[in-house]
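A.B. asks: Structure for the following, please:
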Amino acid sequence: MFSLWVSLEVTPEGREEFLKAITENARASVRDEAGCFRFDVIELGDYESNRFAFYEIYRDKDAFEKEHKQAPHYFTYRDIAARVVVPGSQVNVGGELRSSFSWSE
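C.D. replies: Predicted coordinates for the structure are as follows:
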């Protein structure tokens with residue numbers, strides 16, 4: 001499986017628009033893309049910060065490149081992110097998922 005970690009900062013005035021866009025992108029990715037298994041959005045630091053991270057898991061890199069990055073919801077998110085993400089703040093790290101454990105009672 002292919003996993004991706006993205007961290008970025010958004011402008012204060014773009015925060016709400018960004019949150020709406022990334023929430024819909026994450027929801028639609030898991031709902032509509034057969035190759036997307038997980039898409040978590042994390043607010044970094046204090047409550048109402050402008051720093052976020054995403055953790056995404058895909059069947060393989062093709063599912064990310066050919067399904068996710070071609071999906072209409074991705075293009076909508078990308079257009080909004082281009083306006084509200086602080087230039088130079090985005091860092092993407094992707095790689096092969098080697099193990100994954102979930103908490104259970």
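
A.B. asks: gap between the two ends of stretch 81-97?
C.D. replies: For stretch 81-97, the first-to-last residue distance is 26 Å (Cα to Cα, to the nearest Å).

A.B. asks: Distance from that stretch to the middle of the chain?
C.D. replies: Put simply, stretch 81-97 sits 9 Å off its chain's centre (Cα atoms, centre = their mean, to the nearest Å).

A.B. asks: Can you tell me what sits against that stretch?
C.D. replies: Here stretch 81-97 makes contact (Cβ atoms under 8 Å, 6 or more residues apart in numbering) with 1-11, 13-15, 17-18, 21-22, 50, 57, 61, 64. Every C-beta, even on glycine, is put in place using the N, C-alpha and C of the backbone.

A.B. asks: show me where pLDDT drops low in the protein?
C.D. replies: By pLDDT under 70, the weakly predicted segments of the chain are 104-105.

A.B. asks: Repeat the analysis, applying 50 as the threshold.
C.D. replies: Scanning the chain for pLDDT under 50 picks out nothing.

A.B. asks: Walking through it, point out its strands one by one.
C.D. replies: 2-9, 36-43, 51-58, 91-96 (DSSP state E).

A.B. asks: What residues of the third one count as buried?
C.D. replies: So that's strand 51-58. Using 16 or more other Cβ atoms under 10 Å as the test for burial, strand 51-58 gives 52, 54, 56-58.
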